[in-house]
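1. my questions concern the predicted model and sequence given below.
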Amino acid sequence: MSKNKSKEYIDESRSPRIVEAPRYGCTLSGAYEAAVGLNEGVPILHSGSGCGMSQLFGANYGGGQNAPGDYGGSSTPCSCLVEEHVIFGGEEKLRKLIDSTIKISTGEFFTVISGCVPSLIGDDVDAVVGEFRDKAPIIHVNAPGFKGNSFEGYELFFEALIDQYLKPATEKRKRLVNILGVVPFQHIFWKGELKAIKDLLAKFDIEANVLFGEFNTVENIEKIPAAEYNIVLSPWVGHRAAKKLEEAFKTPYVSFPGLPTGPIQTSKFLNKIAEILPVDKEKVNEFIKNEKRRAYRMIEYVGDLLQFDVPNVYFGVVADSNTAISITRYLTDEVGQLPDIVIITDNPPKEFRENIVEAITSSEEIQFTPDIVFEIDSYKISQILKDRPFLNLYASSLESTITDELETTHVTVSFPSFNRAVLVDHYVGFDGGLRLIEDLFYDKAGPL
């Protein structure tokens, strides 16, 4: 099969919403994921009761078999709207719910999330929430499920923070940056990824404000306007938030096509950071040199496996754009594997797709072009994967059921992840690619 000529990508996203085996939740789900991604963050749902429980079985368990903590899942405060509220409104019930939640909860930050019903019947949730602004840190995210998907809910969460809570900083804090573009639970490695980015930048005295998974929630939220830069680690998610922060607080932003995986991507990431922030470039270069040497020495230990078991094999990817770009580029540029097909599952807006294709297909290392498909329907994806030459498939747990039929090795790297518990795992940094190779061979390594 010839792979040396560029091909036009195939746009297969025809259905805006998928009911069976979805790759993401609704708008409310994304706002909820952000709310419970905050340590001591309390989501308060103004919706039907099913909206809350579906997040536990969908967003949380699908996001690496994770429980959401004290204030999420089955513990989520919810107005549990029924037929009478559709007729008479649910504002009074919400008012009592917020009041009782603030009184009995030990949480630090409260996010009221409106679902489909209050959006349709016209409850003035902003007014109700406004009654409690002097009692606790609180915002309202209007996130009816019909408005979009989880990624839309993530953007709406930040827009609510900017419009309702944040205040301009008296001055910018040197070397403070906000990290955007990684959606809690939806990106299954979010906890490990954000910590890895924070630890990586800390080596150069750069403070990364990652918000999610960190303690001191209110303090971290309130210092957002003081950042020197916003760093977006996605080809499209978080861009709206970054632009709004730039308008509101004059904070410039820089974006990357995904989280850096392996030496090449991580070196480019650090060099770009060194261009925009006052860091010691010699220190950065020395660090890159030493880490490259170590990472490449480490991968030599599995050189025989790579050479004898998977020499220059084709591989496939089924993942959100953040994950797909990073993994495809690492395996192609540094491991020498050949990308056969990449299926993007997060349904990015049309205006971002050309850049996503460019990020996957352009390389200074190896020119090799896979077929690229934008698709969210799991059945269509299973059909697209048939009769392909790849031997390794990096995908969600949904694809694990078809790998026996395809006679391929499967690694779960994207949402949903029902067959892999994810706590601190991630593929970020100089060691990130090594961990990906470890996962590839976890059930294959043995006598040659």
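-> All right, it came through fine.

2. pull out the buried positions in the helix or strand encompassing I360.
-> I360 is part of helix 350-361 when elements are defined by DSSP states H and E. By neighbour count on 16 or more other C-beta atoms under 10 Å, the buried set for helix 350-361 is 353, 355-357, 359-361. Where you see a C-beta, it was placed from the backbone N, CA and C, and this is true even at glycine.

3. mean confidence score for that helix?
-> Across helix 350-361, pLDDT averages out at 96.

4. output that helix as CSV - backbone C-alpha positions only.
-> Only the C-alpha atoms of helix 350-361 are listed here, as CSV (Å, rounded to 0.1, in the frame of the first residue of the first chain):
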residue,chain,number,x,y,z
LYS,A,350,-15.1,22.6,10.8
GLU,A,351,-12.8,25.7,11.1
PHE,A,352,-10.2,23.7,13.1
ARG,A,353,-10.1,20.5,11.0
GLU,A,354,-7.6,21.7,8.4
ASN,A,355,-5.1,22.5,11.2
ILE,A,356,-5.7,19.2,12.9
VAL,A,357,-5.0,17.4,9.6
GLU,A,358,-1.8,19.5,9.2
ALA,A,359,-0.6,18.7,12.7
ILE,A,360,-1.0,15.0,12.0
THR,A,361,0.5,14.9,8.5
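
5. check which element follows the helix or strand containing M298 along the chain.
-> Taking DSSP H and E as the definition, one finds M298 inside helix 281-300. Using DSSP H and E, the helix or strand that directly follows helix 281-300 along the chain is helix 303-308.

6. neighbouring strands of the following helix or strand past that following helix in the sheet, and parallel or not?
-> Next helix or strand after helix 303-308 toward the C-terminus (DSSP H and E): strand 314-319. Counting by DSSP bridges, the strands paired with strand 314-319 are strand 338-344 (parallel), strand 392-395 (parallel).

7. with mean neighbour count added, can I get those strands in TSV?
-> Rendered in TSV, the data for the strands paired with strand 314-319 read as follows (neighbours: other C-beta atoms under 10 Å):
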stretch	mean neighbour count
strand 338-344	24
strand 392-395	24
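
8. what's the closest of the ones you listed to M53?
-> Each of these has some distance to M53 by C-beta to C-beta; the shortest is strand 392-395, at 26.9 Å.

9. average pLDDT across that closest one?
-> In this model, strand 392-395 has an average pLDDT of 96.

10. now stretch 326-333
-> Regarding stretch 326-333, the rounded mean pLDDT is 96.

11. check which helices and strands the helix holding I360 is in contact with.
-> If contacts are counted by 3 or more C-beta pairs under 8 Å, 6 or more residues apart in numbering; DSSP states H and E, helix 350-361 sits against helix 321-330, strand 338-344, strand 371-374.

12. ok, of the buried residues of helix 350-361, which one's closest to L393?
-> Among the buried residues of helix 350-361, and counting by C-beta to C-beta, the member closest to L393 is I360, at 16.3 Å.

13. how close does the closest one get to F415?
-> Look at I360 and F415: by C-beta to C-beta, to the nearest Å, they are 19 Å apart.

14. ok, F57 next?
-> 14 Å.

15. and those two? Which one has more around it.
-> Counting neighbours by other C-beta atoms under 10 Å for F57 and for F415 shows that F415 has the greater number, 29 against 11.

16. show me the contacts for the nearest residue to G122 once chain neighbours are set aside.
-> Spatial nearest neighbour of G122, excluding adjacent residues (C-beta to C-beta, 6 or more residues apart in numbering): G89 at 7.8 Å. Contacts for G89 (C-beta atoms under 8 Å, 6 or more residues apart in numbering) come out as 121-123.

17. quick one, strands of this structure?
-> 10-11, 41-46, 109-114, 138-142, 176-180, 207-209, 229-233, 253-256, 314-319, 338-344, 371-374, 392-395, 409-412 (DSSP state E).

18. what helices and strands are in contact with the last one?
-> Right, strand 409-412. The helices and strands touching strand 409-412, judged by 3+ C-beta pairs under 8 Å, 6+ apart, are strand 392-395, helix 432-440.

19. could you rerun that using 10 Å?
-> Packing partners of strand 409-412 (3 or more C-beta pairs under 10 Å, 6 or more residues apart in numbering; DSSP states H and E): strand 314-319, strand 392-395, helix 403-406, helix 432-440.

20. strands paired with it, and their directions?
-> The pairing partners recorded for strand 409-412 under DSSP bridges are strand 392-395 (parallel).

21. now the partner strand, how far from the centre of its chain.
-> Offset of strand 392-395 from its chain centre (C-alpha atoms, centre = their mean, to the nearest Å): 18 Å.

22. over to stretch 102-111?
-> The answer for stretch 102-111 is 26 Å, by C-alpha atoms, centre = their mean.

23. do the same with stretch 130-142
-> The answer for stretch 130-142 is 26 Å, by C-alpha atoms, centre = their mean.

24. give the buried residues for that stretch.
-> In terms of neighbour count (16+ other C-beta under 10 Å), stretch 130-142 has its buried residues at 132, 136-142.

25. identify the farthest-apart pair in the residues you listed.
-> By the measure C-beta to C-beta, A136 and N142 form the most distant pair in the buried residues of stretch 130-142, at 19.3 Å.

26. return the residues in contact with Y71.
-> By C-beta atoms under 10 Å, 6 or more residues apart in numbering, Y71 lies in contact with 35-36, 38-44, 77, 101, 105-107, 109-111.

27. recalculate using a threshold of 7 Å.
-> By C-beta atoms under 7 Å, 6 or more residues apart in numbering, the contact list for Y71 reads 36, 41-43, 107.

28. just among those residues, which is most surrounded?
-> Neighbour counts for the contacts of Y71 (other C-beta under 10 Å) peak at P43, which has 31 neighbours.
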